[in-house]
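Trainee: Here's a sequence, model it:
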Amino acid sequence: MAEDETVMARVLALELCANLSPRANQGQPLGRMRELLLNEEWVEAVSEWMLLTGEELDVYPDEPIWTRADLSDEQASFEIRLSPIFRDQERD
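Mentor: Prediction:
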C-alpha cells in the first residue's frame, strides 16, 4: 500500500527496477532504465521494467494494461483525430 500513485511508482521503481540484475537480463541494454531511474521518472521506469522482463503489474485490477504494442503512434494519431474534442460543436 502507498499514500498515492506517486509514492507507489517510486516504491515499485526501487523494489523492481533498481533490483533488476544486469546478468539476469539476458543481454538486453539497461541504459534507458538507468537513465529513467537517475532522472526519477518512476512511472516510465516501471513501464520499461515491464517491457524488459515481460512481467505485468496490475495495481488497478479494473483498468486495462496498455502497452506500446496495443496502441501504436499511428493508431493513437488516428484515434485522437476522431475523439469528441475535435468534433464541431453541435448547433442548438
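
Trainee: can you list the weak-confidence ranges in the protein?
Mentor: Residues of the chain that meet the criterion pLDDT under 70 lie in 24-28, 59-61, 63, 65, 89-92.

Trainee: Now do the helices in it.
Mentor: Counting by DSSP state H, the chain has helices at residues 5-12, 31-38, 42-53, 73-82.

Trainee: Asp62 is nearest to which of those helices?
Mentor: Closest approach to Asp62 among these is made by helix 5-12 (14.7 Å; Cβ to Cβ). In short, each C-beta sits where N, CA and C put it, glycine included.

Trainee: Centre of the chain to that closest one, how far?
Mentor: 12 Å (Cα atoms, centre = their mean, to the nearest Å).

Trainee: ok so, going back, out of the helices of the chain, which comes closest to Asn19?
Mentor: Minimum separation from Asn19 across these (Cβ to Cβ) falls at helix 42-53, 9.6 Å.

Trainee: Give me the angle between that closest one and helix 5-12.
Mentor: Taking axes from the mean of the first three to the mean of the last three Cα atoms, to 10 degrees, one finds helix 42-53 and helix 5-12 inclined to each other by 40 degrees.

Trainee: I'd say Trp42 and Leu12 touch.
Mentor: Yes: the pair Trp42 / Leu12 is scored as a contact, 7.2 Å apart, by Cβ atoms under 8 Å.

Trainee: got the buried residues for stretch 1-13?
Mentor: Residues Met8, Ala9, Arg10, Leu12, Ala13 are the ones in stretch 1-13 that count as buried (16 or more other Cβ atoms under 10 Å).

Trainee: Please apply the same query to stretch 22-40.
Mentor: Those would be Leu30, Met33, Arg34, Leu36, Leu37, for stretch 22-40 by 16+ other Cβ under 10 Å.

Trainee: which residues are contacting that stretch?
Mentor: Arg10, Ala13, Cys17, Ala18, Leu20, Glu44, Ala45, Glu48, Trp49, Leu52 (Cβ atoms under 8 Å, 6 or more residues apart in numbering).
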